[in-house]
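1. output the structure for:
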Amino acid sequence: MPETLLIIGDVHGCFYTFRSLVERYWQPETMRLIQLGDLTDRGKYVPETIEFARQLEEEHPENVTFLKGNHEAMVLEYWNAMQNAPPPIARLYSQQNSTISQYYALPERLERLADDM
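-> Residues are numbered from 1 along each chain as shown. This next block holds a predicted model:
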């Protein structure tokens, strides 16, 4: 296990910034990447950010750790509430949560939302 760490926290859907940090500072052969949670919420590119995290995890399973943050927990809470709500209420939930709204805009990823969190 590498002793050098790159620790990144609170990405909040800022895909391009996250990717830039990883590409610029992380050397997967010699370093461990730890992401401290909060990949989701606020930013405009949450699904892309999650997809990039999945890709990193698949390509470097021994040198990558992603922790679930409170924002991922909140998204799951919203998502679970939506699953049990009548359609008009579910639409309201999706409009109030930027992460869920972004997933609705990408239907091919919507079914993976709970797995992504």
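
2. from here on, just use CA atoms for contacts and neighbour counts.
-> Will do.

3. check Cys14 and give its pLDDT.
-> On the pLDDT scale, Cys14 is placed at 96.

4. offset the numbering so it begins at 268, please.
-> Taking 268 as the first residue, the last one we looked at is Cys281.

5. isn't it up against Ile317?
-> No - counting by Cα atoms under 8 Å, Cys281 sits too far from Ile317 to count as a contact (10.3 Å).

6. all strands of the chain, in order?
-> 271-275, 298-302, 331-333 (DSSP state E).

7. Ser365 reaches Arg309, doesn't it?
-> Yes - with contact defined as Cα under 8 Å, Ser365 reaches Arg309; the gap is 6.5 Å.

8. what about those two, which has more around it?
-> Neighbour count, other Cα atoms under 10 Å: between Ser365 and Arg309, Ser365 has more, with 20 against 16.

9. which other residues reach stretch 309-316?
-> Identification of contacts with stretch 309-316 by Cα atoms under 8 Å, 6 or more residues apart in numbering yields His279, Gly280, Cys281, Phe282, Phe285, Leu306, Thr307, Ser365, Thr366, Gln369, Tyr370, Arg376.

10. tally of neighbours for Gln302?
-> For Gln302, the neighbour count with other Cα under 10 Å is 20.

11. contact partners for it?
-> Ile274, Ile275, Gly276, Thr332, Phe333, Leu334.

12. now Gly276: closest residue in space, sequence neighbours ignored.
-> Sequence neighbours aside, Leu303 is the residue nearest to Gly276 in space, at 4.6 Å (criterion: Cα to Cα, 6 or more residues apart in numbering).

13. phi, psi for the one you found please.
-> Torsion angles at Leu303 (phi, psi; degrees, to the nearest 10) stand at phi -90, psi 20.
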